[in-house]
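> What would the 3D arrangement of this be:
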Amino acid sequence: MKILIKEVAKSQWQVRLDQHVVTFRTEAEAQAFATTLQARIHAPHRFPEQQQRAAG
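Predicted structure coming up:
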């Protein structure tokens, strides 16, 4: 997944993840959101036990 940060107008920044777009007033807000999003995407994820049994 590619996260893009782009200035779209004066005082308007967008963070884009595939087809999802979130708009911010400052570059710092956009960057903070992108950093958090990236960390959550790369965080380890566990399936609940029921889903693990069904998948196994």
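> The top helix by length along the chain: which residues count as buried?
Ranked by residue count under DSSP state H, the longest helix found in the chain is helix 27-42. By 16 or more other Cβ atoms under 10 Å, the buried positions in helix 27-42 come out as Ala30, Phe33, Ala34, Leu37. Just so you know, the C-beta spots here come from the backbone N, C-alpha and C atoms, and that holds for glycine as well.
> Let me have these in CSV, extended by distance to Leu17 and pLDDT.
Output for the buried residues of helix 27-42, formatted as CSV (distance: Cβ to Cβ, whole Å; pLDDT from 0 to 100):
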residue, distance to Leu17, pLDDT
Ala30, 12, 98
Phe33, 10, 97
Ala34, 9, 97
Leu37, 7, 94
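> now the residues you listed as a markdown table including distance to Lys10?
Shown next, in a markdown table, are those (distance: Cβ to Cβ, whole Å):
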| residue | distance to Lys10 |
| --- | --- |
| Ala30 | 14 |
| Phe33 | 19 |
| Ala34 | 20 |
| Leu37 | 24 |
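> For the residues you listed, name the two members farthest from one another.
Ala30 and Leu37 (10.5 Å; Cβ to Cβ).
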